[in-house]
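Engineer: Sequence isn't available, so here's the structure alone:
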Ligand code: URA
């Protein structure tokens, strides 16, 4: 294999054979191809695109760069969910225990915050003591024992993705549909799942700002899942405004805990969080074989939430992974859980809130300490915002728009938070987070 000739052919728009992509990725993973050649290949792939066969070959090569877990000896169809990333997206924290409470095992390997978007691992670690670094034998044993486990990517899982992602991050090659799809699917397929549900986000706070791109990403992800014989369904969800009310690690974890406890979280109700959680759970329960249809899955999921069974499963999960159970009982008692400032509506604010810029608030939360400027930076688990005013709410100058949480309030950019809100004299049209559903054959709607 001559990497130069491969990248020249890709640069010139040729399609590569699956075996060529495999050889390139294998050589890169073991250090035989240097970063500069791989970076050139990634840029060629970014500009010329990869067809479905090439994207599947890339996924396969990345998947087999490490260990592919086999959980087939454990009972039940194992189903996971993956979100393409957004602002205020704490859904995994509710969904994993909820689906497990309904009898479908959930082996979940998650990531940390990336750019302006948060990560499930950072949110789990906001629970004092919660250990996301289980070994693979521990991961298997916990899944078998309680039906749910949530950990971070280990060195054994898709090491090619780890290297390639870091390279893409610094070479302007992140926002490519086939590269994102191969990155996500290689990790998910390595987990030992039988089926997958994808939450593909579209809008200001998502990686895919345009709905057409998000649809294409959903189709590519589902196509790869099917190519690997893993039933895969994608929901297209709106990510223009932050999801729910909280942004930041502990604020989001506290919101998830409150919903599972059946209580109203800080700031007020979060109907959109519940809608997205139940819609994803409905699909997972269907693919997991405990419901005949997504509609049947929805009924089971609703019952698990309302009965408190999902919350009981969260307690089991947190206990199993060493987390402090006291904060599940009383989320507001955690260190840093009290607001340190308020953001108020400016003088020109009147009428209704018509938009809240998720991207701007995502970055404001990062600056406050909820995310990282560099990979090795620590995060402030308490840092973030809770929206007291949502899109569609009436507003007057001086009203509190959001409360602020932070160990170091001097990092707050209050103007950026204030500027994220848009107003109009007329209320905006009501919209749903749930935009569409793709089952591999067609977009079906809800
Ligand atoms: N998430 C991933 O895991 N990979 C990407 O390329 C983008 C988002």
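Structural biologist: Perfect, I can see it now. Keep in mind the model is a prediction, meaning the values are calculated, not measured. Residues are numbered from 1 along each chain as shown.
Engineer: Tell me where the stretch 1-150 of the chain has strands.
Structural biologist: 79-83, 106-110, 148-152 (DSSP state E, counting those that start in this stretch).
Engineer: got CSV for the ones you listed, with distance to residue 140, mean neighbour count and mean pLDDT too?
Structural biologist: Backbone N, C-alpha and C define where each C-beta goes, glycine included. What follows is these, written out as CSV (distance: least, Cβ to Cβ, whole Å; neighbours: other Cβ atoms under 10 Å; pLDDT from 0 to 100):
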stretch, distance to residue 140, mean neighbour count, mean pLDDT
strand 79-83, 15, 26, 97
strand 106-110, 8, 25, 94
strand 148-152, 8, 24, 96
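Engineer: Output these in CSV, with distance to residue 394 appended to each entry.
Structural biologist: CSV is the format used below for the strands of the stretch 1-150 of the chain (distance: least, Cβ to Cβ, whole Å):
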stretch, distance to residue 394
strand 79-83, 31
strand 106-110, 37
strand 148-152, 39
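Engineer: just so I know, which of these lies nearest residue 205?
Structural biologist: Nearest to residue 205, of all these, is strand 79-83, at 11.6 Å by Cβ to Cβ.
Engineer: Distance-wise, check residue 324 relative to the ligand.
Structural biologist: Per Cβ to the nearest ligand atom, to the nearest Å, residue 324 is found 29 Å from the ligand.
Engineer: remind me which residues of the stretch 51-200 of the chain are low pLDDT?
Structural biologist: For the stretch 51-200 of the chain, applying pLDDT under 70 flags no range at all.
Engineer: quick one: what helix or strand has the residue in the chain that the ligand sits nearest to in it?
Structural biologist: For the chain and the ligand, the shortest gap (Cβ to the nearest ligand atom) falls at residue 183, measuring 3.4 Å. Assigned by DSSP states H and E, residue 183 belongs to helix 177-190.
Engineer: So which elements touch that helix?
Structural biologist: If you count contacts as 3 or more Cβ pairs under 8 Å, 6 or more residues apart in numbering; DSSP states H and E, helix 177-190 packs onto helix 35-48, helix 52-63, strand 79-83, strand 106-110, helix 159-169, helix 211-227.
Engineer: again, 6 Å this time
Structural biologist: Using 3 or more Cβ pairs under 6 Å, 6 or more residues apart in numbering; DSSP states H and E as the contact criterion, the elements in contact with helix 177-190 are helix 52-63, helix 159-169, helix 211-227.
Engineer: Out of those, which is the most enclosed?
Structural biologist: Greatest average neighbour count among the helices and strands packed on helix 177-190 goes to helix 52-63 (a mean of 23), per mean count of other Cβ atoms under 10 Å.
Engineer: Can you tell me what sits against that helix?
Structural biologist: 16, 18, 21-22, 25, 158, 160-161, 178, 181-182, 185-186, 189-190, 223-224, 227 (Cβ atoms under 6 Å, 6 or more residues apart in numbering).
Engineer: which non-adjacent residue is nearest residue 85?
Structural biologist: In this structure, residue 85 finds its nearest non-sequential neighbour in residue 117, 4.0 Å apart by Cβ to Cβ, 6 or more residues apart in numbering.
Engineer: and the one you found, how far is that from residue 151?
Structural biologist: The spacing between residue 117 and residue 151, counted by Cβ to Cβ, to the nearest Å, is 20 Å.
Engineer: hmm, back to that, possible to save the helices and strands packed on helix 177-190 as JSON lines with distance to residue 415?
Structural biologist: Formatted as JSON lines, these follow (distance: least, Cβ to Cβ, whole Å):
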{"stretch": "helix 52-63", "distance to residue 415": "42"}
{"stretch": "helix 159-169", "distance to residue 415": "28"}
{"stretch": "helix 211-227", "distance to residue 415": "30"}
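Engineer: Any idea which of those helices gets closest to residue 94?
Structural biologist: Smallest distance to residue 94 across these (Cβ to Cβ): 21.7 Å, for helix 211-227.
Engineer: Any part of that closest one near the ligand?
Structural biologist: No: using Cβ under 6 Å from any ligand atom, helix 211-227 stays clear of the ligand, with a minimum separation of 9.5 Å.
Engineer: Which strands and helices lie in contact with that helix?
Structural biologist: Taking 3+ Cβ pairs under 6 Å, 6+ apart as the contact cut, helix 211-227 packs with helix 52-63, helix 177-190, strand 195-202, strand 232-238.
Engineer: number of nearby residues for residue 304?
Structural biologist: The number of residues packed near residue 304 is 25, by other Cβ atoms under 10 Å.
Engineer: what packs against the helix or strand containing it?
Structural biologist: For residue 304, the host element (DSSP H and E) is helix 294-306. For helix 294-306, the packing partners by 3+ Cβ pairs under 6 Å, 6+ apart come out as helix 271-287.
Engineer: now for the helix it packs on, which elements pack on it?
Structural biologist: Partner elements for helix 271-287 (3+ Cβ pairs under 6 Å, 6+ apart): strand 79-83, helix 91-101, strand 195-202, strand 232-238, helix 294-306.
Engineer: need these in JSON lines with distance to residue 214, can you?
Structural biologist: Putting these into JSON lines (distance: least, Cβ to Cβ, whole Å) gives the following:
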{"stretch": "strand 79-83", "distance to residue 214": "12"}
{"stretch": "helix 91-101", "distance to residue 214": "16"}
{"stretch": "strand 195-202", "distance to residue 214": "3"}
{"stretch": "strand 232-238", "distance to residue 214": "6"}
{"stretch": "helix 294-306", "distance to residue 214": "20"}
